[in-house]
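Enquirer: The following block contains a protein sequence and its predicted model.
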Amino acid sequence: MKKINLTITGYLGKMGQQLIKSCKKNKNFKLVSVTENRILNKKKKISGLSPQLNSKNAFRNANVIIDFTEPKCTLEILKIASKLKKRVVIGTTGFSRKDEKLIKKYSKKIPILKAGNMSLGVNLLVYLTEITSRSLGNNFLSKVHEVHHKYKKDHPSGTALMLGKGIAIGKDKKLSKIIGKKYLNKKSFPFGKKINFNSIRKGQVVGEHEVKFSSGKEIVTLNHESFDRALYSEGALTAAKWLINKKPGLYSMRNVLNFK
């Protein structure tokens with residue numbers, strides 16, 4: 001099989017560094033460029049490549065671009081990628097509704113796979129959350145708790161919002177209509193008529209997510225813990241390989257894993 005030419009954006013970030021490591025071990029990919037918003041040292045090479053700014057030149061030889069950066073940067077990357085007809089895997093989180101609409105617009109021109117979390121286990125958790133929410137019905141209140149490393153800026157995390165959306169889908173409602181309070185670094189937080197979220201930022205935690213459903217008489221808990229950041233980079237590479245033969249459109253890990 002011919003190797004897939006890959007560009008990694010945000011190569012200096014935690015996920016960028018992990019993606020480079022995973023790419024080296026994966027025989028399906030060839031790293032052809034790495035980019036950042038600004039280059040600190042042009043002479044320092046990464047896997048034999050000189051770092052570049054996000055540009056047509058940087059993306060020209062790529063079959064797929066994997067992006068774990070920030071919303072503003074992601075939209076700039078999509079603008080360039082759409083002109084070059086390049087596929088993009090997005091692991092960036094923290095998008096506004098306006099951003100989401102722009103991503104959907106770009107997906108009409110190029111194949112885009114966007115996921116708040118690339119882990120198989122987390123995406124299974126989201127699927128189970130939908131089923132549980134649907135099965136328990138409106139007699140149960142729900143809330144979402146998540147823990148990430150102290151450097152993570154957005155809260156709730158993209159994964160927490162995926163879980164919230166799973167609860168909403170189970171109730172046949174839009175998350176925007178039933179999203180509740182968003183707490184930060186609280187030791188405990190209440191159930192509410194809407195879905196409340198609590199985000200903890202501490203240490204070097206890779207990721208912990210928990211969904212609770214309560215009737216007042218019993219509590220059902222679903223949870224997932226991540227111990228190695230490699231599971232996200234490996235998931236992103238799986239997504240990139242899957243995206244190669246797809247037509248323009250907006251896809252998710254749910255499509256990759258063939259969850260109904």
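Expert: Now that the structure is in, tell me what you want to look at.

Enquirer: tally of neighbours for Q52?
Expert: By other CB atoms under 10 Å, the residues close to Q52 number 18. Where you see a C-beta, it was placed from the backbone N, CA and C, and this is true even at glycine.

Enquirer: Quick check: chain neighbours aside, which residue is closest to it?
Expert: Leaving aside its sequence neighbours, Q52 sits nearest to A58 (CB to CB, 6 or more residues apart in numbering; 4.0 Å).

Enquirer: need the contact list for that neighbour.
Expert: The neighbourhood of A58, defined by CB atoms under 8 Å, 6 or more residues apart in numbering, consists of T7, S33, T35, Q52.

Enquirer: just checking, next helix/strand downstream of whatever helix or strand the third one lives in?
Expert: What that stands for is T35. Per DSSP states H and E, T35 falls inside strand 29-36. Next along the chain after strand 29-36, taking DSSP H and E as the criterion, comes strand 52-53.

Enquirer: that older thread, ok, the strand holding T35: who's next to it in the sheet?
Expert: Strand partners for strand 29-36, identified by DSSP bridges, are recorded as strand 4-9 (parallel), strand 52-53 (parallel).

Enquirer: Pick the most buried one from these.
Expert: Mean neighbour count, computed with mean count of other CB atoms under 10 Å, is highest for strand 4-9 among those, reaching a mean of 25.

Enquirer: List of residues touching it?
Expert: Under CB under 8 Å, 6+ apart, the answer for strand 4-9 is 16, 19-20, 23, 28-36, 54, 58-59, 61-69, 73, 77, 240-241, 244.

Enquirer: and the contacts of A58 as TSV, adding pLDDT?
Expert: Output for the contacts of A58, formatted as TSV (pLDDT from 0 to 100):
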residue	pLDDT
T7	98
S33	97
T35	96
Q52	94
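
Enquirer: if you go through the stretch 151-260 of the chain in chain order, where are the strands?
Expert: Using DSSP state E, counting those that start in this stretch, the strands found in the stretch 151-260 of the chain span residues 179-184, 195-201, 207-214, 219-226, 249-251.

Enquirer: With respect to L124, which of those lies nearest?
Expert: strand 219-226 (8.2 Å; CB to CB).

Enquirer: For the biggest helix by length in the chain, buried residues please.
Expert: Selection of the longest helix in the chain by residue count, based on DSSP state H, yields helix 120-136. By 16 or more other CB atoms under 10 Å, the buried positions in helix 120-136 come out as V122, N123, L124, L125, V126, Y127, T129, E130, T132, S133, L136.

Enquirer: Contacts only, for L49.
Expert: Contacts of L49 by CB under 8 Å, 6+ apart are L31, V32, S33, V34.

Enquirer: Widest-spaced pair of these?
Expert: The widest separation within the contacts of L49, taken as CB to CB, falls between V32 and V34 and amounts to 9.0 Å.

Enquirer: and the strands paired with strand 29-36 as TSV, adding distance to E218?
Expert: Shown next, in TSV, are the strands paired with strand 29-36 (distance: least, CB to CB, whole Å):
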stretch	distance to E218
strand 4-9	46
strand 52-53	55
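
Enquirer: Distance of K44 relative to I77?
Expert: Distance check for K44 against I77: by CB to CB, to the nearest Å, it reads 22 Å.
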